[in-house]
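*Asks:* With the sequence up front, the predicted model follows.
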Amino acid sequence: MSKNTYLRRKEQGLCTKCGGEIEADRKGKTTCYECSQINVKYKRETAEFCRNNGICPRCHRVKLIGNEKNCPECSAKNYAYLQKQLRENPETIERREEQSRIHKKDVYTQRKQNGLCTCCGKPLGRMDYGALTCLRCREKHNSYKLKSQKPRSEYKSSIWKSQGLCPCCGQPLYKNHGLCKKHYDMQITSHDYSKSRTVIIKYGKANMSNVQK
């Protein structure tokens with residue numbers, strides 16, 4: 001399609017891809033709904049192909065290094081663009097974020113009502129009874145938690161412990177017990193409950209008062 005054809009269709013309020021009428025609810029857009037979906041699908045497939053082959057999904061040219069999601073040049077351009085938008089049109093950024101939040105909520109609700117995975121939109125199987133996500137998405141989510149959250153919590157705990165603070169929350173220790181007052185009380189309560197259950201099982205509830213704690 002030539003540039004003149006594109007500009008002519010745009011001036012006439014027609015879809016710049018197929019030349020058809022643009023739906024009323026898409027006022028201000030340059031493509032009809034059908035062409036926009038085709039374009040979104042094409043971009044998604046192209047980006048997926050680039051990621052699988054270690055190529056930047058934005059410029060489709062530069063090889064990625066390590067765990068990079070975009071090449072340094074594209075990341076810098078995107079950051080500069082976002083900062084410019086934030087300075088010049090802060091309301092636009094907020095409006096887009098609100099629209100995105102509403103859209104994601106609507107998609108989640110629709111998928112949930114139709115018995116689809118709320119993450120990827122695929123039908124749930126027999127192994128997914130009672131769940132809102134498919135097995136593949138649950139495994140990906142669990143893998144992410146194991147890789148990111150556990151090391152982070154262990155790192156914080158080791159830092160707090162080396163600083164002489166409670167390894168659970170980083171608060172000051174309670175009477176040199178190795179824990180803060182809150183977590184010390186929680187541990188004592190848990191220990192007493194466990195000990196009480198052992199006594200009840202072994203001696204019976206009526207004989208608990210005769211057993212030395």
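*Replies:* Ah, there it is.

*Asks:* Domain ranges for the protein, per the record?
*Replies:* According to the TED database, the chain comprises the domains 1-53, 158-207.

*Asks:* Lowest average pLDDT across these?
*Replies:* Of all the domains of the chain, the minimum mean pLDDT falls on domain 158-207 (a mean of 70).

*Asks:* ok, the residue nearest to residue 20 when sequence neighbours are not counted - contacts?
*Replies:* In space, and not counting its chain neighbours, residue 20 is closest to residue 32: 5.5 Å by C-beta to C-beta, 6 or more residues apart in numbering. In short, each C-beta sits where N, CA and C put it, glycine included. Residue 32 sits next to 15, 17, 18, 20, 21, 22, 23, 26 when contact means C-beta atoms under 8 Å, 6 or more residues apart in numbering.

*Asks:* Please enumerate the helices of this structure.
*Replies:* 3-11, 33-52, 72-88, 90-113, 135-162, 181-203 (DSSP state H).

*Asks:* who touches stretch 115-131?
*Replies:* By C-beta under 8 Å, 6+ apart, the list of residues contacting stretch 115-131 from outside reads 107, 108, 111, 112, 132, 133, 134, 135, 136, 137, 138, 141.

*Asks:* And the third one, how far from residue 123?
*Replies:* Okay, so that is residue 111. For residue 111, the distance to residue 123 equals 10 Å [C-beta to C-beta, to the nearest Å].

*Asks:* More neighbours: those two, which one.
*Replies:* A direct count of neighbours by other C-beta atoms under 10 Å for residue 111 and residue 123 places residue 111 higher, at 19 against 10.

*Asks:* Now flag whichever of the contacts of residue 32 is closest to residue 38.
*Replies:* Nearest to residue 38, judged by C-beta to C-beta, of the contacts of residue 32 is residue 17 at 7.8 Å.

*Asks:* The closest one contacts residue 39, correct?
*Replies:* Yes. Contact status for residue 17 versus residue 39: in contact at 7.5 Å, counting by C-beta atoms under 8 Å.

*Asks:* Chain neighbours aside, what residue packs nearest to the residue nearest in space to the middle of the chain?
*Replies:* By C-alpha atoms, centre = their mean, the chain has its centre lying nearest to residue 141, at 8.9 Å. Spatially, and ignoring its direct neighbours in sequence, residue 141 is nearest to residue 133 (7.3 Å; C-beta to C-beta, 6+ apart).
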